[in-house]
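Undergrad: Sequence below, structure please.
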Amino acid sequence: MHHDIEDLRRFYYQRSLGRVVQRILRDRLILRWQPARSKGMNVAGYGFAAPMLRPYLAPARRVTALMPGPQGVMGWPAGMPNHSVLCDETAWPLETGSLDRLVMLHGLETSDHPAALLAEAWRVLGPGGRMIVMVPNRAGLWAASDRTPFGLGRSYTAGQLETQMRKAGFVSEWSGSAVYIPPSDRRFWLRSAQMWERAGARISRVLIAGVVMVELSKQTRAPIGPGVKVHVPNPLDILDGVGIRQPHGSPATRRDSGVTRCR
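TA: Predicted coordinates for the structure are as follows:
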């Protein structure tokens, strides 16, 4: 079951709780990827990651908000040239190895083909490229509530998320959590959200977050091991076809068994 673009738009842009969540997640992202360091980079988001990408619009070389077909697409950002694209979840309109940074929010947990989705993310990331994935925490209150987008689809524990990423070939660089307030519109929780985020970062074993986050990198290495053969060419093979003078009667001439070399 996929999200609906209108539900996501209303939650993140019209509902007070959604605006608080947007600010929390974006602040956590900025701590990992400072916008000033994205100058000249190609940055993209998949799912409904557009609210996370705005700080990168100015410094980055290119910013793209990829939105899956079953979810739908909206023009983004408002009042500016469009950066959003409707796409198939396993066939993105991006060149192989073209991305430096990728954010995935509300994409993995509702995917019909999560392994193929991660394979596509691997394809478009360049060597050393990084991806941050944000998913509902299975142990949190947000995954149990259907009043927010985090109550739809599969939820994960941190260990399950990292295991799935390793199977897809990614290297885990960092993991964390966010959104420690309950999924409530009460003013007390909304006003104290930042306080709970600071407390949750210190005592995460006591407070249960609503969102699990992991930062991953794409590392490509040359194949090594006993099954990999290394071929060192013979110098005569390299010079094959090039006339080489041999002294008359030399051993090399005698080994030619009648084959005449150029003189």
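
Undergrad: Point out where the protein drops to low pLDDT.
TA: Low-confidence segments of the chain (pLDDT under 70): 204-206, 221-263.

Undergrad: In it, which strand is the longest?
TA: strand 125-136 (DSSP state E).

Undergrad: Give the next helix or strand downstream of it.
TA: helix 158-167 (DSSP states H and E).

Undergrad: In contact with residue 171, which residues?
TA: 216, 217, 218, 219 (Cβ atoms under 8 Å, 6 or more residues apart in numbering). Heads up, the C-betas are built off the backbone N, CA and C, glycines and all.

Undergrad: ok, and the most crowded of the residues you listed?
TA: With neighbours taken as other Cβ atoms under 10 Å, the top of these is residue 216, carrying 28 neighbours.

Undergrad: Enumerate every residue touching it.
TA: Neighbours of residue 216 in contact, by Cβ under 8 Å, 6+ apart: 130, 131, 132, 133, 165, 170, 171, 172, 173.

Undergrad: cool, residue 73 as well?
TA: Applying Cβ under 8 Å, 6+ apart to residue 73 gives the contacts 5, 67, 84, 85, 86.

Undergrad: Report how many residues lie close to the first one.
TA: The burial count assigned to residue 5 is 17, neighbours taken as other Cβ under 10 Å.

Undergrad: quick one: the helices in the stretch 51-200 of the chain?
TA: 114-124, 158-167, 187-191, 193-202 (DSSP state H, counting those that start in this stretch).

Undergrad: For residue 147, find the nearest of these.
TA: Counting by Cβ to Cβ, residue 147 lies closest to helix 187-191 out of the helices of the stretch 51-200 of the chain; the figure is 13.4 Å.

Undergrad: So what's the gap between the closest one and the chain middle?
TA: Distance, stretch centre to chain centre, for helix 187-191: 32 Å (Cα atoms, centre = their mean, to the nearest Å).

Undergrad: helices and strands around it, which ones?
TA: Secondary-structure packing of helix 187-191 (3 or more Cβ pairs under 8 Å, 6 or more residues apart in numbering; DSSP states H and E): helix 16-32.

Undergrad: got the contact list for the helix it packs on?
TA: Helix 16-32 has contacts (Cβ under 8 Å, 6+ apart) with 10-13, 51-52, 54-55, 103, 105, 132, 134, 148, 174, 176, 178-179, 181, 183-185, 190, 193-194, 197, 211, 213, 215.

Undergrad: what's the distance between the nearest residue to residue 2 once chain neighbours are set aside and residue 34?
TA: Leaving aside its chain neighbours, residue 2 sits nearest to residue 70 (3.9 Å; criterion: Cβ to Cβ, 6 or more residues apart in numbering). Going from residue 70 to residue 34 by Cβ to Cβ, to the nearest Å gives 33 Å.

Undergrad: and if you look at residue 196?
TA: 24 Å.

Undergrad: now do residue 94
TA: 23 Å.

Undergrad: of those two, who's got more company?
TA: Ranked by neighbour count (other Cβ under 10 Å), residue 94 and residue 34 place residue 94 first, with 20 against 12.

Undergrad: And the more buried one, how close does it get to residue 25?
TA: 23 Å.

Undergrad: biggest separation within the contacts of residue 73, which pair?
TA: Across these, the longest distance by Cβ to Cβ is 13.1 Å; it joins 5 and 85.

Undergrad: looking at the helices of the stretch 51-200 of the chain, which is closest to residue 44?
TA: Across the helices of the stretch 51-200 of the chain (criterion: Cβ to Cβ), the nearest stretch is helix 114-124, sitting at 7.4 Å.

Undergrad: Any chance of the helices of the stretch 51-200 of the chain in TSV with mean neighbour count and distance to residue 98 as columns?
TA: Below are the helices of the stretch 51-200 of the chain laid out as TSV (neighbours: other Cβ atoms under 10 Å; distance: least, Cβ to Cβ, whole Å):
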stretch	mean neighbour count	distance to residue 98
helix 114-124	19	6
helix 158-167	16	21
helix 187-191	12	39
helix 193-202	15	34
